[in-house]
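Trainee: Just the structure for this:
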Amino acid sequence: MANPSPLDSADLLLRNARIDDAAAPVDIAVLDGVIAAIGPALRATATEEIDCAGRVVIPGLVESHVHLDKALLDGERANPDGTLAGAIAITAELKRRFTPAAIRDRARRVLEQAITHGTTAIRAHPDVDPIVGLLGVHTLLELREEFRGRIDLQIVAFPQEGIFRAPGTLGLLREGLRDGADVIGGCTYNEDSVAQCRRHIDLVFDLAAEFGVPVDLHADFADDTADPRFALADYIAEVTDRTGMAGRVTIGHATSLAARPPEDRRRVLFRLADAGVAVVPLPATDMFLGGRADTANIRRGIAPVRELWAAGVRTAYSSNNIRNAFTPYGNADLLDIGLFLAQTSHLAGPADLTRVLGMATYEAAAVIGIADDYGLRVGAAADLVVLSTHRVADALLDRPDRCYVVKAGRVVARTTRTRELLPATPV
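Mentor: Numbers count the residues shown, from 1 in each chain. Below you'll find the predicted structure:
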């Protein structure tokens, strides 16, 4: 963290920034979009200076799993039964009326929200299927250029409707990757048999090898493993090992992990850790859709975060869907989602809450493959957020404003707000 060499001038200088609760505030100097120095009372001058006044500075937040193409559909049609199957069916119907302008407008609104809430990178999963074709991929490719310099956008070619259930999807996935998608996705449970689900996974890994891209799978998204299509984590770990894809495979949801018996669950979690498979819980969606068939003692399934940590599984979290049939909530605010994850996963205290914050920063950056240029360190990209709180451990609890959002050394958003407590009126 120390400054390796003297720095006379910088483009941006953040003064008196709290980056560690156990240490005094420091200055952060930025030059040419990169953190050039970190240390107490730097003597450099800068084109722009911001006095953080002891407020917390964190690296930019990272949304590792979001569906921008399907966001903000709640005003068109709600989910009548609140189930995953219902959400997929409703959205499939709405997709038939998608236009580039409609996707662009909804996705742009979410991207702008995300930026103001401190997000500097997003991995988005647009649907690829015979219903909507490559409309989502192509629209997000355009938005990636439009928002370049304000937020980084990775695009996942995602077969929401399945591959065998939706003939023609495989060719579209290949075309989407040729056109510029960064990641191959999968919806491992949306096939008619376990054999087809496994073949779905195999085909996704084949595409990953063909195009040299990472894999990001929706998997094991159920209340339990009574249906074996929702117990595929073991197989995903096996294929990851077999294909040499350690560190480049992610599972989203994975709620049914929590329903496995303790010893079986422990075995699977260590298997995922050994294979280098990351897990991304999506708590807003997982809580909304889960337990719908229960009539008493309703299950509130979220992947078991503390056990994932203990097993050594790389674990991030994300918003997933925002205001649609899958999740009728959300503002693209990762700190809000992080607090909800803590509240629903028996996580509390400074150590837990700091680690949850790390799931949306360092861990999420590793999940989407940007860790080499990321973080609060000299040489990292200057993607930074100044929060209106004075302790890192309080970054979730205080629901702080994102006072300044810095992308590649440039302030791209700020929030200014004055709160005033007025004296009581004399009786």
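Trainee: Can you identify the element that follows the helix or strand residue 122 falls within toward the C-terminus?
Mentor: Following DSSP states H and E, one finds residue 122 within strand 119-124. As assigned by DSSP H and E, the chain's next helix or strand after strand 119-124 is helix 135-146.
Trainee: Of all the residues in that following helix, which ones are buried?
Mentor: 135, 136, 137, 138, 139, 140, 141, 143, 144 (16 or more other C-beta atoms under 10 Å). (Glycine included, C-beta is placed from N, CA and C.)
Trainee: and which of these is nearest to residue 171?
Mentor: Distance to residue 171 across those (C-beta to C-beta) is lowest for residue 137, with 13.4 Å.
Trainee: Go ahead and confirm the closest one touches residue 155.
Mentor: Yes. Using C-beta atoms under 8 Å, residue 137 makes contact with residue 155 at a distance of 6.1 Å.
Trainee: can you list residues touching both of those two?
Mentor: 126, 180, 181 (C-beta atoms under 8 Å, 6 or more residues apart in numbering).
Trainee: shaky segments in the stretch 301-427 of the chain?
Mentor: 427 (pLDDT under 70).
Trainee: go on, the chain?
Mentor: 1-6, 427.
Trainee: Need the single longest strand in it, by residues.
Mentor: In the chain, with assignment by DSSP state E, the single longest strand is strand 9-17.
Trainee: May I see the buried residues of that strand?
Mentor: For strand 9-17, using 16+ other C-beta under 10 Å, the buried residues are 10, 11, 12, 13, 14, 15, 16, 17.
Trainee: Going along the chain, name the helices of the protein.
Mentor: 84-95, 100-116, 135-146, 169-179, 194-211, 233-243, 262-275, 283-289, 305-311, 334-344, 349-359, 362-367 (DSSP state H).
Trainee: how far does the last one sit from the chain's center?
Mentor: The one in question is helix 362-367. For helix 362-367, the distance from its own C-alpha centre to the chain's C-alpha centre is 9 Å (C-alpha atoms, centre = their mean, to the nearest Å).
Trainee: Please name every helix or strand in contact with it.
Mentor: With contacts taken as 3 or more C-beta pairs under 8 Å, 6 or more residues apart in numbering; DSSP states H and E, helix 362-367 sits against strand 61-66, strand 277-280.
Trainee: what inclination does the first one have with respect to helix 349-359?
Mentor: Interaxial angle of strand 61-66 relative to helix 349-359 (axes from the mean of the first three to the mean of the last three C-alpha atoms, to 10 degrees): 60 degrees.
Trainee: contact partners of strand 61-66?
Mentor: 110, 114, 117-125, 216, 250, 252, 280, 282, 316-322, 332, 334-335, 360-361, 364-365, 367-368, 370, 374, 385.
Trainee: again with the shortest one
Mentor: Outside of strand 277-280, the residues that reach it under the criterion C-beta under 8 Å, 6+ apart are 64-65, 233, 236-237, 240, 246, 249-254, 257, 272, 303, 308, 313-318, 364, 366-367.
Trainee: Make a PyMOL selection of the buried ones in these.
Mentor: Here is the PyMOL selection string for the buried members of these, based on 16+ other C-beta under 10 Å:
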select buried, resi 64+65+233+236+237+240+249+250+251+252+253+254+257+272+303+308+313+314+315+316+317+318+364+366+367
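Trainee: How far away from the center of its chain is stretch 77-85?
Mentor: 23 Å.
Trainee: Give me the buried positions along it.
Mentor: 79, 82, 84.
Trainee: now swap in stretch 142-162 and tell me
Mentor: For stretch 142-162, a neighbour-count test (16+ other C-beta under 10 Å) marks 143-144, 147, 150-162 as buried.
Trainee: For that stretch, measure first residue to last.
Mentor: Distance between the two ends of stretch 142-162: 25 Å, counting by C-alpha to C-alpha, to the nearest Å.
Trainee: next one: stretch 403-423
Mentor: Start-to-end span of stretch 403-423 (C-alpha to C-alpha) is 27 Å.
Trainee: Quick check: residue 225 vs residue 265, distance?
Mentor: 10 Å (C-beta to C-beta, to the nearest Å).
Trainee: Most tightly packed of the helices and strands packed on helix 362-367?
Mentor: Highest mean neighbour count among the helices and strands packed on helix 362-367 (mean count of other C-beta atoms under 10 Å): strand 61-66, with a mean of 28.
Trainee: Okay, angle between that strand and helix 334-344 too, please.
Mentor: Using the same axes, to 10 degrees: strand 61-66 against helix 334-344 is 70 degrees.
Trainee: the inter-axis angle of strand 61-66 versus helix 100-116?
Mentor: Using the same axes, to 10 degrees: strand 61-66 against helix 100-116 is 150 degrees.
Trainee: and the angle for strand 61-66 with strand 119-124?
Mentor: Using the same axes, to 10 degrees: strand 61-66 against strand 119-124 is 10 degrees.
Trainee: so how far is strand 61-66 from its chain's centroid?
Mentor: That offset, for strand 61-66, works out to 2 Å (C-alpha atoms, centre = their mean).
Trainee: Dump it to CSV, keeping only the CA atoms.
Mentor: Below are the C-alpha coordinates for strand 61-66, written out as CSV (Å, rounded to 0.1, in the frame of the first residue of the first chain):
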residue,chain,number,x,y,z
LEU,A,61,-18.6,-2.2,-6.7
VAL,A,62,-19.0,-5.1,-9.1
GLU,A,63,-22.3,-6.5,-10.2
SER,A,64,-21.4,-10.1,-11.2
HIS,A,65,-24.8,-11.3,-12.3
VAL,A,66,-27.6,-9.0,-13.8
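Trainee: check contacts around the nearest residue to residue 230 once chain neighbours are set aside.
Mentor: Closest residue to residue 230 apart from its sequence neighbours, by C-beta to C-beta, 6 or more residues apart in numbering: residue 222 at 3.7 Å. The contact partners of residue 222, by C-beta under 8 Å, 6+ apart, come to 84, 189, 230, 255, 256, 259.
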